[in-house]
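Asks: Fold the following, please.
(chains A, B, C and D)
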Number of protein chains: 4
Amino acid sequence: MQDGTSQVIDLEQPRTERMPIHPAHRQAGYSYLLHRHHEDEFDPEKSGPRTGAAGVLVCSEHTGTHIDALSHQSDSLVLCGGVPVSEVQSPRGFTRHGVEEIPPIVAPGVLLDVAAKDGVESLEPGRVVTAADLAECCEAQGVGVEAGSVALVRLGNAGFWHDEERYLAGPGMDASAARWMADRSVLAVGADNMAWDVPGVKDPELGCLMPGHLILLARHGIYIIENLALDELAASGRYTFQFVCTPLKLVGATGSPVRPLALVSA
Amino acid sequence: MQDGTSQVIDLEQPRTERMPIHPAHRQAGYSYLLHRHHEDEFDPEKSGPRTGAAGVLVCSEHTGTHIDALSHQSDSLVLCGGVPVSEVQSPRGFTRHGVEEIPPIVAPGVLLDVAAKDGVESLEPGRVVTAADLAECCEAQGVGVEAGSVALVRLGNAGFWHDEERYLAGPGMDASAARWMADRSVLAVGADNMAWDVPGVKDPELGCLMPGHLILLARHGIYIIENLALDELAASGRYTFQFVCTPLKLVGATGSPVRPLALVSA
Amino acid sequence: MQDGTSQVIDLEQPRTERMPIHPAHRQAGYSYLLHRHHEDEFDPEKSGPRTGAAGVLVCSEHTGTHIDALSHQSDSLVLCGGVPVSEVQSPRGFTRHGVEEIPPIVAPGVLLDVAAKDGVESLEPGRVVTAADLAECCEAQGVGVEAGSVALVRLGNAGFWHDEERYLAGPGMDASAARWMADRSVLAVGADNMAWDVPGVKDPELGCLMPGHLILLARHGIYIIENLALDELAASGRYTFQFVCTPLKLVGATGSPVRPLALVSA
Amino acid sequence: MQDGTSQVIDLEQPRTERMPIHPAHRQAGYSYLLHRHHEDEFDPEKSGPRTGAAGVLVCSEHTGTHIDALSHQSDSLVLCGGVPVSEVQSPRGFTRHGVEEIPPIVAPGVLLDVAAKDGVESLEPGRVVTAADLAECCEAQGVGVEAGSVALVRLGNAGFWHDEERYLAGPGMDASAARWMADRSVLAVGADNMAWDVPGVKDPELGCLMPGHLILLARHGIYIIENLALDELAASGRYTFQFVCTPLKLVGATGSPVRPLALVSA
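Replies: Residues are numbered from 1 along each chain as shown, chains lettered A, B, ... in the order given. Alright, predicted model coming up:
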C-alpha cells in the first residue's frame, strides 16, 4: 500500500443474478453461466493434472456498481460538448464519448452522508435530496466539495441490495442537487442508489425523468457512479479519501461495471 | 492524486470485437451491442429533452485484460488449498474461490522487462522465458521481487494487440519462471501475452500445457493477470510503482476483466 | 396446402421476455435485443433507399414452446441407449443425442383433451394426470394412441401463458402417464404446461422429481414437447391430425425452440 | 406421414460455431454453451437417478438457415405497406412486421435448379443469376412458379457450408431475378446462399447493395429464406413439393432460424 494509506475500502456491491436491476436494463439483465467445468478436460494420462473452468457473462453495462459514460445520455439528441448522436451512434456503440474515453479515476474523494445528517439509518423511499441537503452535509461534516474531486452521496440505501423492490424504490437527488454538483465542477458523482435521481419523478422545469442524468452527463460532462456500497466507508468516519475507479475500456459502450475504492489515509 | 503520485499509467488493452481471444474462450467471445438508441425514446413534448442509450455485453470473463481467479484452475480436480471441485462447482460458477474473493489489489508493483534485457522490441513467438531470465532482469534493472508484491513481466507483445495471429503466437513463461515467482510469494503476476505461459508447450515434468497456471493458481494461490499493456509503463523507465487492480465481484466467476493501473511516484 | 389439408393450426406460444420460464432455465432466460436500427445505415445518396435492422437472441434452449432432446436427461449419468455422459458431454454440448439428431417430425398426431374429459376449462394447479386419465380420454374421444405417433395432452393450461405464477403452478402428468405413453411406443409426447410432469412432486418409487423426463427421454427415447398452445386445436374438435415439428439443428444442444403445427384434414 | 407423402427432405444446414455468418451479423454471431452438466445435480440418494443438462444460445436471428421478416428491411425508413420505422421500432424489436406475424408456411414449393441448368455442380463465386436464368430453369424443368407458392433457387452453394470464405463469396440473384419473383406473387423465396443477393454488388438503378432485399421484403412483402440446404432435394429429381416452414414467433424480431422441409409426393 502506498505511503500513508492505511485502509482500502471496497465500494462495489456483489454481482449476482438476483441483484436489483433498473427496469430500463432488465432485458439484457445479468447472467453468469459456467460452461467449461473442470471435469470436462480432466485426462491425467494425456494432459497431466491441470484442468480449467470458464464461463460466459451476459449483462447490460448498467448493472451492478457501474459508471455512466457521456454517451449514455443526450440533450435533444446531442451528446455533451455538442456532439450530434447521429454522427457517433452505431449498433456497436459510440465512436465518441464511449466509456473507453473515461481516464482511470484517481482523485480526491469526499463522502456526503445525508442519512447521517438526518440521523437515520436510511432515507425513506421517495425522499428527495436537494442542494440544501448537500450543503448542510458539508457544514455538518466540516468538508467541502472541490473541483476535480469525486463526490459520493450516501442515502443509506446500500443495505437493501438483496431486496430489489425496496432498493429500487429508494431515495435520490433532484435537479438542484445535480446543479449544486455541477457548480462545483466535480469530476464524477456517485450514490448508493440505482440511478442517482429519484425514481419516477419528472422535473417540472426540464420536463424529464432523471434530470440529474441530463444535467450531469449531457450538460456538464460529469460521470455518474451508481449502486455504490457506502456503508463501510461511512462507518470508517472518514469523509475524505483517495478515490480510485477504473472503468473498463469497453470500446463504444455507454458505461462500465466498476469496483471503486476509497483509500483512507492513516 | 495521492501525495507523491505523479503519473497514472493505464495497463488495460482496449476491448473490441476484433481483439485477440484465446481459442479456449472464443465461443463465448466478446460482443457489445447497442440496443437502446437515443432516438428510440426521444419525445420532447412528452418526456423533455433527455434520452438514454444502452447496450448488452456478452463475453467470456477471460477476454481482454483480465485476472484469473483461483477457481479457474484445478490440480487433479482440487482447487487451491485442498478444495474439491465437486463440492464447489455449479452451472452458475463456484461457491469458493470465485473472483469475488479476490480483494482489491493495492500493492507494490515491479516490472521485469525481459524484452529490454534482451535488447529487442519484442520477444519472438515461441520464445521461452525462464527463471534465469527473470533473475537477470532483476539484476539488470537493480530491482527485487518482494513477497506480497505484484510482478509484471514485459515480453514486448502488447503492440500486437491488433494482430490476433501474431499476438497469440507470442512468447511466454515456462514452469521455472512460475516457480521462481512462487518462491518469492508474490500476490499476483502479470504479463503482456494471452496466457502467461508459452502457447502450446507441454511441460515435460508436469505433463500438462500451461504449467504456470497449475503452479501459480492451483498450487500457490497466486493470481495471474493477462493481456496487460506494458509499453507505456516500460517507456516511463520506472520499474517500481504502486499497482492497483480491482477485479469485479462477479460472484462465482473464474476471472474478471480488469483495468489495472501503475501509480508512479514523482 | 397439400391435398386434403383444410386447416393449419399453430401450436406455438409467442416468445417474449415476459413469458413463463422454468426456474431451472431462468438464468439464461430469454432476451431479444435489436441493435441494428434502420436509421443507423440510412444514407440514401451513398447507399440508396435500403436499410436493414437486426438483433441478438439470448435464451435457454428450453424457453417457450420447445422440444427436449435425448441428451437433456440422464439415468444415473447414462443417456438413452447406454451412452455414458462422460463420453459425449462437453462445454459446447453433446456429441451424441444432441437435438440435431431429431429428424423432422411429420407424423400422425392425436390430442388427448383431459380438461374436456373432466368438463373443466383448465385443470387445477397440482392436479395429477394419470394413466387412467389418458385411457379415459381415449375412450371418451373414441381415439387410440398408435406407435410412432405424437400424443399431445391438453390440460387447459395454455391460457395462463401471460401469468407466470399460475402457469408454472399448473397440472401435469405422473409416472404412470409417462409409462402409458412409453407402452404405446409413441415418437413424442407434448403438453400445454412447462415441463410435462407435475411441478415439485417427487415420484415415490423412482425417488426423483419429474419422473416423466426420466422414463420418456432417458429410458425410452421419447421426445417431450413443452408449452404447447393447444386451445385452438381443441376448439377445432379434431382429435387426430398430421403433426409437424421441426427442431432446429443446434448441434450439441439439449433441446430446441419449435413451432409445431397440426394439419387438420377436411 | 400424410397420404401421398413419400419422403421428407430436410432443408436446414447444421448450426455450429464454425458455420458461415454474414459480416453484418457477425458481432452477435452464434454460440451454444452448455452450463448445466449432468454431474452437477447427480445425487442419487437424495434425488434419484435423474439428472438434467441445459445450455444457453446466443445468436443473431440471421444466422444459419433462416427467414427474413418484413421488419428486416426498409425502403427509405418505411416498412412494407407504408409503415414508418419510427412508429414501430424499439430496442426490443418491432411492434409491426415482426417475425411472429409470419404465419406457418405450408404451401406449394418449386425448385429452380440453376446449377443443373448450367450443367455445373455449383455456380462460380460472383455469378449473377438473372430473371432470364430463372425463366430458362422453368422451361428446362417444365415447371412454373405460381402465385402463393414458395420458390427455391439452387446455386449449388450449399456444399461449401464448412468453408466460410468460399460460401460467402458465392453467387446470387440480381434485381431482375427479384422482380421476376415479385411479378409471380410468390409467398416466399429461398436460396442456398447467405443473402439471396450477390454479395457486394450495388444495383446501378436502385443505388443499393442487396437490391433483392429491398424489392422482395420492403416493396412486395415477400419473405426470403437463406442458407438452405438444397442438394438432397435436387438429387431427388422432384422439382415440385409441399413446402413447410415454421418461423419461431420471436416477438418483434426481424427474422427467425428455421428448419424448412420439402414433402415429396410418391
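Asks: now the helices: where do they sit in the stretch 1-150 of chain A?
Replies: For the stretch 1-150 of chain A, applying DSSP state H, counting those that start in this stretch gives helices covering A:44-47, A:85-88, A:114-118, A:131-141.
Asks: could I get the third one in PDB with only the CA atoms?
Replies: Coordinates of each C-alpha in helix A:114-118 appear next as PDB, following Å, rounded to 0.1, in the frame of the first residue of the first chain:
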ATOM      1  CA  VAL A 114     -27.100  12.600   4.100                       C
ATOM      2  CA  ALA A 115     -28.500   9.700   6.100                       C
ATOM      3  CA  ALA A 116     -26.200  10.500   9.000                       C
ATOM      4  CA  LYS A 117     -27.100  14.200   8.700                       C
ATOM      5  CA  ASP A 118     -30.700  13.300   9.000                       C
END
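Asks: Tell me which other helices or strands it touches.
Replies: In this structure, helix A:114-118 packs against helix A:131-141, strand A:150-154, with contacts taken as 3 or more C-beta pairs under 8 Å, 6 or more residues apart in numbering or on different chains; DSSP states H and E. In this view, the C-beta of every residue, glycine as well, is placed from N, C-alpha and C.
Asks: Taking the stretch 151-266 of chain A, what residue is nearest to chain C?
Replies: For the stretch 151-266 of chain A and chain C, the shortest gap (C-beta to the nearest C-beta) falls at A:G252, measuring 11.3 Å.
Asks: Can you give me the neighbour number for the residue nearest to A:A158 when sequence neighbours are not counted?
Replies: Using C-beta to C-beta, 6 or more residues apart in numbering or on different chains and skipping the chain neighbours, the partner closest in space to A:A158 is A:D192 (4.1 Å). Residues contacting A:D192 under the criterion other C-beta atoms under 10 Å in any protein chain shown number 32.
Asks: cool, A:H162 as well?
Replies: Counted with other C-beta under 10 Å, residues neighbouring A:H162 total 13.
Asks: Ok, A:G159 next?
Replies: 15.
Asks: got it, and A:P247?
Replies: Neighbour tally, A:P247, other C-beta under 10 Å: 27.
Asks: One more: A:D163?
Replies: When neighbours are counted by other C-beta under 10 Å, A:D163 registers 11.
Asks: I'd like to know how far the residue of the stretch 151-266 of chain A closest to chain C sits from A:G98.
Replies: Applying C-beta to C-beta, to the nearest Å, the value for A:G252 to A:G98 is 4 Å.
Asks: which residues are common contacts for those two?
Replies: Here A:G252 and A:G98 share the contacting residues A:S71, scored by C-beta atoms under 8 Å, 6 or more residues apart in numbering or on different chains.
Asks: if we can go back for a sec, can you say which of the helices and strands packed on helix A:114-118 is nearest to A:S176?
Replies: helix A:131-141 (3.9 Å; C-beta to C-beta).
Asks: Could you list every helix and strand in contact with the closest one?
Replies: strand A:105-113, helix A:114-118, helix A:175-183.
Asks: can you put those in JSON lines and add distance to B:V145, mean pLDDT and mean neighbour count?
Replies: Formatted as JSON lines, the entries for the helices and strands packed on helix A:131-141 read as follows, by distance: least, C-beta to C-beta, whole Å; pLDDT from 0 to 100; neighbours: other C-beta atoms under 10 Å in any protein chain shown:
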{"stretch": "strand A:105-113", "distance to B:V145": "25", "mean pLDDT": "98", "mean neighbour count": "23"}
{"stretch": "helix A:114-118", "distance to B:V145": "44", "mean pLDDT": "98", "mean neighbour count": "21"}
{"stretch": "helix A:175-183", "distance to B:V145": "43", "mean pLDDT": "98", "mean neighbour count": "21"}
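Asks: List the contacts of the nearest residue to A:P23 once chain neighbours are set aside.
Replies: Residue nearest to A:P23 in three dimensions, not counting chain neighbours: A:L168, with 7.9 Å by C-beta to C-beta, 6+ apart. For A:L168, the set of contacting residues under the criterion of C-beta under 8 Å, 6+ apart consists of A:P20, A:H22, A:P23, A:M194, A:P199.
Asks: Compute the mean per-residue pLDDT across the helix or strand that contains A:E232, please.
Replies: Counting by DSSP states H and E, the element that carries A:E232 is helix A:231-236. Within the predicted structure, the mean pLDDT of helix A:231-236 is 97.
Asks: And the contacts of it?
Replies: Contacts to helix A:231-236, defined as C-beta under 8 Å, 6+ apart, come from residues A:7, A:9-11, A:111, A:113, A:115-116, A:152, A:154, A:156, A:158-159, A:192, A:241, A:262, A:264.
Asks: quick check: angle from the helix or strand following that helix to strand A:150-154?
Replies: Moving toward the C-terminus from helix A:231-236, the first helix or strand encountered (DSSP H and E) is strand A:240-245. Using axes from the mean of the first three to the mean of the last three C-alpha atoms, to 10 degrees, the interaxial angle of strand A:240-245 with respect to strand A:150-154 works out to 100 degrees.
Asks: In terms of secondary structure, what does strand A:240-245 contact?
Replies: Using 3+ C-beta pairs under 8 Å, 6+ apart, strand A:240-245 is in contact with strand A:105-113, strand A:150-154, strand A:261-265.
Asks: related to what we said a few turns ago, could the helices and strands packed on helix A:131-141 go into JSON lines alongside distance to C:E45?
Replies: Listed next are the helices and strands packed on helix A:131-141 as JSON lines, based on distance: least, C-beta to C-beta, whole Å:
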{"stretch": "strand A:105-113", "distance to C:E45": "42"}
{"stretch": "helix A:114-118", "distance to C:E45": "54"}
{"stretch": "helix A:175-183", "distance to C:E45": "40"}
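Asks: where does chain A dip in pLDDT?
Replies: By pLDDT under 70, the low-scoring segments of chain A are A:1-5.
Asks: Around chain C, which positions in it sit nearby?
Replies: Taking C-beta under 8 Å from any C-beta of the partner chain as the test, the list of chain A residues beside chain C reads A:17, A:27-29, A:31, A:33, A:35-37, A:39-40, A:58, A:86, A:89-92.
Asks: Keep only the residues you listed that also lie close to chain B.
Replies: Checking these against chain B (C-beta under 8 Å from any C-beta), the matches are A:17, A:27-28, A:33, A:35-37, A:39, A:58, A:89-92.
Asks: Any of the residues you listed buried? List them.
Replies: Among those, those buried by neighbour count (16 or more other C-beta atoms under 10 Å in any protein chain shown) are A:E17, A:Q27, A:A28, A:L33, A:H35, A:R36, A:H37, A:E39, A:V58, A:Q89, A:P91, A:R92.
Asks: Up against chain D, what does the stretch 151-266 of chain A have?
Replies: So far as C-beta under 8 Å from any C-beta goes, the stretch 151-266 of chain A does not lie against chain D anywhere.
Asks: and the closest residue to chain D within the stretch 151-266 of chain A, what is it in contact with?
Replies: In the stretch 151-266 of chain A, no residue comes nearer to chain D than A:G252, which is 10.9 Å away by C-beta to the nearest C-beta. With C-beta under 8 Å, 6+ apart as the criterion, the residues that contact A:G252 are A:S71, A:S90, A:R92, A:G93, A:F94, A:T95, A:G98, A:E100, B:T16, B:Y32, B:L34.
Asks: Any idea what the last one is bridged to?
Replies: In other words, B:L34. As for beta bridges, B:L34 partners with B:G55 under DSSP bridges.
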